[in-house]
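Chemist: Starting from these lines, generate the structure:
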Amino acid sequence: MSIREIESAVERLPSDQLAAFTKWFEEFVADAWDRKFEADVAAGKLDHLAKQADEDFEAGRCTPL
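Modeler: Predicted coordinates:
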């Protein structure tokens, strides 16, 4: 199935089914993002950001929330 075929099928959904599909798709995308983030953390891809945050905190370059 092509992207255009999927788009066309979504465009034809009745409003109740579109709402259900939208809810499912938002959860699907959020889960995919979570898995990618967790994989990046496990691979050390975000270590430099944590290091920078620690350095900023230790240097007093942070403000309370």
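
Chemist: Identify the residue nearest the geometric centre of the protein.
Modeler: For the chain, W33 is the residue whose C-alpha lies nearest the centre (Cα atoms, centre = their mean; 3.4 Å).

Chemist: Is that one within a helix or a strand, and which one?
Modeler: Assigned by DSSP states H and E, W33 belongs to helix 15-42.

Chemist: Report all helices and strands that that helix contacts.
Modeler: Using 3 or more Cβ pairs under 8 Å, 6 or more residues apart in numbering; DSSP states H and E as the contact test, no helix or strand touches helix 15-42. Just so you know, the C-beta spots here come from the backbone N, C-alpha and C atoms, and that holds for glycine as well.

Chemist: and the following helix or strand past that helix, what does it pack onto?
Modeler: Per DSSP H and E, the first helix or strand lying C-terminal to helix 15-42 is helix 47-58. For helix 47-58, not one helix or strand is in contact under the criterion 3+ Cβ pairs under 8 Å, 6+ apart.

Chemist: Next, the residues that contact helix 47-58 from outside, please.
Modeler: Contact with helix 47-58 is made by C62, as judged by Cβ atoms under 8 Å, 6 or more residues apart in numbering.

Chemist: Over to R61. Which of the three states is it?
Modeler: Here R61 is recorded as coil under DSSP: H, G, I helix; E, B strand; the rest coil.
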